[in-house]
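# Here is a sequence together with a model predicted from it:
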Amino acid sequence: MSRILVSGSLAYDRNMDFPGLFQEHIIPEKTHSINVSFFVNTVRESSGGTAGNIAYNLGLLGETPVIVATAGSDFGPCGSWLTAHGADISLVQKIPGEKTAFATIITDEKNNQITAFYAGAMKTPYRFQDVMLEDMDFALIGAGNPIDMRTLPEILRALKIPFIFDPGQQIPALSSDDIKNGINGSRVFIVNDYELALIEKKTLWNETEIVKHTDILVVTKGGDGSEIKTQKETLGVPAAKPAQVSDPTGAGDAYRAGFIVGLSKNWPLETCGKFAGVVACYTIETYGTQTHMFTGVDLKKRYKENFGEELPL
């Protein structure tokens, strides 16, 4: 097992399904005075956040995720849940008088999403000076407190700990220099295709320039799979097919956990991408981001069904 530092948000998620399409209720020429309400069918509350979701999946995959994040006075149930599923929460810092962050997510029938996010304790930067991180084998910098996302790359580079930079939803809160700092010297820089377009616009770095500063660029494309690019090659990786689509929330976080495990086992990059896609399927098939389960046997079977080859797990 590897000790994997996971930095990002810890949150409670409130997921809702809207039985229709957002686009049918939004008038383009009236977006300057938008006022809409969506009547939802289902509501489910669960533990979430980028750090929480990735750590949950890493725990299922048999790794030891060490969460480095801030949480509020109400973190108890979330912390107990994560601990029960293999996460190490000993470095989570509690912020007195604050609530743990929470997200309210509405998903329509085409898996478009509208999210309201309350940062809560995540507004407080992590006190890295209070902890020792030298014993980590790998790290992931996910969307969380912007100051943490600026600070942690330098710490990890100094400690020579390989890391993934995954700015995600915090791209608007980061400057061009912040993003370049996170990419620089990273083992992997991972974004979805929309986020990549935002990054290119903000930094004026195209894919060719990005891979001069990171070992591996991973661009996820939902149902179209992913693209993995290095200075030597570009790989198109097909998507694994979920048995059903229940809720896409958290699929990207599950993908990242799978990719980290593939890297830790020194699998070929294409295998890492395929395996990550298989792990993501389990999240898509269940409602919520930490409600799915799988075993190594399940993963091997699903991998072979999708790609016609054995998984070296």
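Structure's in. What do you need?

# List the buried residues in stretch 113-132.
Judged by neighbour count (16 or more other Cβ atoms under 10 Å), stretch 113-132 contains these buried residues: 113, 117, 119-122, 124-126, 128. In short, each C-beta sits where N, CA and C put it, glycine included.

# er, stretch 225-242 actually
Of all the residues in stretch 225-242, those buried under the rule 16+ other Cβ under 10 Å are 225-229, 235, 237, 239-240, 242.

# hmm, which two among those residues are most spread apart?
Of all pairs drawn from these, the widest gap by Cβ to Cβ lies between K229 and P242 and measures 25.2 Å.

# pLDDT, distance to C78 and secondary structure added to the buried residues of stretch 225-242, as TSV?
Formatted as TSV, the buried residues of stretch 225-242 follow (pLDDT from 0 to 100; distance: Cβ to Cβ, whole Å; DSSP: H, G, I helix; E, B strand; the rest coil):
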residue	pLDDT	distance to C78	secondary structure
G225	96	32	coil
S226	97	29	strand
E227	98	34	strand
I228	98	32	strand
K229	98	36	strand
L235	98	36	strand
V237	98	32	strand
A239	95	30	coil
A240	97	28	coil
P242	94	26	coil
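
# Using TSV, lay out these together with distance to D178.
Supplementary listing: those in TSV, determined by distance: Cβ to Cβ, whole Å:
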residue	distance to D178
G225	29
S226	24
E227	24
I228	24
K229	22
L235	28
V237	28
A239	30
A240	33
P242	34
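
# what kind of secondary structure is the residue nearest to E227 when sequence neighbours are not counted in?
Taking Cβ to Cβ, 6 or more residues apart in numbering as the measure, E227 lies nearest to V219, with 4.7 Å between them; neighbours along the chain are not counted. Using DSSP: H, G, I helix; E, B strand; the rest coil as the criterion, the local structure at V219 reads strand.
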